[in-house]
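> my questions concern the predicted model and sequence given below.
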Amino acid sequence: MADTYVLVHGAWHTGEQLEPVASHLRARGHVVHCPTLAGNQPGDDRSVLGLSEAAQSLVDFLVQHDLRDVRLMGHSYGGMVISKAVDVVPERITRLVYWNAFVPLSGECLNDMAPPPYKALFDAVAADNGNAVMLPYPIWREVFINDADAALARSAYEQLNPQPYRTFTEPVRLQTELAAKPLGKSYLLCTEDTAMPHSMPWHPRLSERLGLFRLVACPGSHELCFTNPQLLAQKIEEAGRD
Amino acid sequence: MADTYVLVHGAWHTGEQLEPVASHLRARGHVVHCPTLAGNQPGDDRSVLGLSEAAQSLVDFLVQHDLRDVRLMGHSYGGMVISKAVDVVPERITRLVYWNAFVPLSGECLNDMAPPPYKALFDAVAADNGNAVMLPYPIWREVFINDADAALARSAYEQLNPQPYRTFTEPVRLQTELAAKPLGKSYLLCTEDTAMPHSMPWHPRLSERLGLFRLVACPGSHELCFTNPQLLAQKIEEAGRD
Amino acid sequence: MADTYVLVHGAWHTGEQLEPVASHLRARGHVVHCPTLAGNQPGDDRSVLGLSEAAQSLVDFLVQHDLRDVRLMGHSYGGMVISKAVDVVPERITRLVYWNAFVPLSGECLNDMAPPPYKALFDAVAADNGNAVMLPYPIWREVFINDADAALARSAYEQLNPQPYRTFTEPVRLQTELAAKPLGKSYLLCTEDTAMPHSMPWHPRLSERLGLFRLVACPGSHELCFTNPQLLAQKIEEAGRD
């Protein structure tokens, strides 16, 4: 059955890095879009853009393409963005899929859910870099893309772009908490993802904030879009289908 | 090596739904029985039957067929039933296998181990339905059979039967706690099973009540009997063998 | 790319039991050594040898073979030994790989991280056996090698040797805590390993003591070296590579 998917990238990424996943989903008959959020586009002013602008850019994308009955997936930081988008245009969205993604309560920012050492690191980096942050390579290699070989870890890193720090520090405001929203919700968990330390894990710590939700799990790191896009596509479909 | 297995279904099920699993075990050379418990048989009075009657019906089955050296598997609610049966006829049973199943302490009922929101839901449903409970379809689809496609989720749901609520509310009395019983014990864990929320999980919360036990894990939901009976049969054998 | 691996066995084992794993790694182009630690060699006086002697024997091995740029893997108790070795000859070691292994803080002994019932059991056994301990077969079969069939469980058990108990009770002294050491660190987790009960698990309880580390996980028991040496070799490479 042909469904419509919109795949929303995480911090430091663009939609381009989800295109291999989208190709596999298209081969299964689906319509797939991979927009790049405001803040991660070439030339964006990373000193000023925040979560509001990123979420608005996703809403605009859904409206401009008049997308309906959307399976809306968010990866990592993208969970913040889809959470706001569904609050604004719920009539366009059938199911949310959080892939190792943040699930906020109204009033929280991404940093409220992140490990305190990361927050301290990013505070320092942002202060020195015009309020944009990059991920140090050793962290990327060991805890984000731990399932890659060294060559892929490096080539993937070179595709990243600086993240406007306001996207991590600006709280999201929701009219209705996610647990109370009546649409379909899924959490797709890559089980070797230690971008969030397993002592304060993605699941069930954040996933259970969704209320009734469907869990789909598979082996892999936070960056399965690079290390196994075919498996990721299969699992997105298992998470996104009715 | 040919072993004797008795597979005990969970709530809302009958032995019929374990027959595909049994077929795979028989193809591996084993003798397999899939009795239907009192309370889940067609025509049973679901307003009065409880855990005592269900457990007695299993004991009667073991005695009437004069089964010995049994590998006794219980699924979910079936864990309550096998726990009582082994207390009554320990001489017939070589090993217990709990498949995503309740492991009671003496004096507990199933509801004592279940998530409080389920208990509240079932209390209300039972009051309106002659003390029998059905599982709402959205819960079934999202947290019981999350690894199925929509067609299988629906066709499996149509095979379920109302559960006498006294099987959830009647405490089990054991002469010896399970941890102190000297027979073999295994816990078979389907890792994507969120019928029990992962913040209060089947394993290790309930499994470790068995004392010394063998863990066998595999991917899959609470309803692997529908979604992958062949894998389930393989894992039951890994859990049940000497 | 050809790397140098040194695989350090756990308690009750010798290097011999890691040779099948080493063969698979050699077939992938690597140089692999599997030394047997002092205390586990035939004829060793198990009443006196402790962690110091075991660690010194590993250091001696590295020096005598003039090994450099080593990927040093420790299994279980072997984690104690590699932790001390890297403190003594850090210049020879590029990356530590802990395979379901103890990760000590300076001043701790193995027993400080082990389940209290094991400690009580081993205290009693050691008192009766000249300060050496063996693992009772039922524990071996159910929680160490739970993924084996009965024949393999038995044949593997017959390869074990008594463990000098001082290796479990002697604290390790480190000049620098592991989290502060700048070399590469990986934790290889077999997910069905219940040698450490999952209510006090290997990961993340002990793994996160490494500071920044790479997680690699795979299905299997504490004794994957017997039950699937090829998979173990593949995962050691994923953990050990740059």
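Great, that's in hand. Because the structure is predicted, anything quoted here is derived from the model rather than measured.
> can you tell me the centre-most residue of chain A?
Central residue of chain A (CA atoms, centre = their mean): residue A:75, 2.1 Å from the mean position.
> that one and chain B, how far apart?
20 Å (CB to the nearest CB, to the nearest Å). (Each C-beta comes from the backbone N, C-alpha and C, glycine too.)
> can you name the residues of chain A that neighbour chain B?
Chain A comes close to chain B at residues A:184, A:203-205, A:207-208, A:212-217, A:238, A:241-242, as judged by CB under 8 Å from any CB of the partner chain.
> give me the residue from chain A nearest chain B.
Of all residues in chain A, the one sitting closest to chain B is residue A:204 (4.0 Å; CB to the nearest CB).
> I figured that residue hits residue B:143, correct?
No: Residue A:204 is beyond contact range of residue B:143, at 11.9 Å (criterion: CB atoms under 8 Å).
> quick check: buried residues in stretch A:223-232?
Residues A:223-229, A:231-232 are the ones in stretch A:223-232 that count as buried (16 or more other CB atoms under 10 Å in any protein chain shown).
> whichever strand or helix holds residue A:186 and chain C in contact?
Per DSSP states H and E, residue A:186 falls inside strand A:184-190. No: judged by CB under 8 Å from any CB, strand A:184-190 makes no contact with chain C; its nearest approach is 10.7 Å.
> returning to what we had before: just put the buried residues of stretch A:223-232 in a markdown table and tack on secondary structure and pLDDT.
As requested, the buried residues of stretch A:223-232 are arranged in a markdown table below (DSSP: H, G, I helix; E, B strand; the rest coil; pLDDT from 0 to 100):
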| residue | secondary structure | pLDDT |
| --- | --- | --- |
| A:223 | coil | 98 |
| A:224 | helix | 98 |
| A:225 | helix | 98 |
| A:226 | helix | 98 |
| A:227 | helix | 98 |
| A:228 | coil | 98 |
| A:229 | helix | 98 |
| A:231 | helix | 98 |
| A:232 | helix | 98 |
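> any chance you could map the strands in chain A?
A:4-8, A:31-33, A:70-75, A:93-99, A:132-133, A:163-164, A:184-190, A:214-218 (DSSP state E).
> pull the helix or strand with minimum mean pLDDT from chain A.
helix A:116-128 (a mean of 92; mean pLDDT, DSSP states H and E).
> which helices and strands does that one pack with?
Where contact means 3 or more CB pairs under 8 Å, 6 or more residues apart in numbering or on different chains; DSSP states H and E, helix A:116-128 is packed against strand A:132-133.
> run through who's touching the strand it packs on.
For strand A:132-133, contacts defined as CB atoms under 8 Å, 6 or more residues apart in numbering or on different chains pick out A:46-47, A:122, A:125-126, A:162-165, A:168.
> again, only this time at 10 Å
Strand A:132-133 is contacted from outside by A:11-12, A:39, A:44-47, A:49, A:118, A:121-127, A:161-168, using CB atoms under 10 Å, 6 or more residues apart in numbering or on different chains.
> please report how far the residue of chain A found nearest chain C lies from residue C:35.
Residue of chain A nearest chain C, by CB to the nearest CB: residue A:198 (4.0 Å). Residue A:198 is 32 Å from residue C:35, where distance means CB to CB, to the nearest Å.
> out of residue A:204 and residue B:143, which sits in the more crowded spot?
Higher neighbour count among residue A:204 and residue B:143: residue B:143, with 21 against 18, using other CB atoms under 10 Å in any protein chain shown.
> so who does that one touch?
So residue B:143 contacts A:212-215, B:135, B:192-197, B:221-222 (CB under 10 Å, 6+ apart).
> ok, back up a step: so the residue of chain A closest to chain B touches residue B:200, yeah?
Yes: at 9.1 Å, residue A:204 counts as touching residue B:200 under the criterion of CB atoms under 10 Å.
> what is in contact with these two at once?
Shared contacts of residue A:204 and residue B:200 (CB under 10 Å, 6+ apart): none.
> hang on, the earlier thing: how about the strands of chain A in a markdown table, adding distance to residue C:61 and mean pLDDT?
Below are the strands of chain A laid out as a markdown table (distance: least, CB to CB, whole Å; pLDDT from 0 to 100):
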| stretch | distance to residue C:61 | mean pLDDT |
| --- | --- | --- |
| strand A:4-8 | 51 | 98 |
| strand A:31-33 | 55 | 98 |
| strand A:70-75 | 45 | 98 |
| strand A:93-99 | 45 | 98 |
| strand A:132-133 | 44 | 96 |
| strand A:163-164 | 46 | 98 |
| strand A:184-190 | 38 | 98 |
| strand A:214-218 | 40 | 98 |
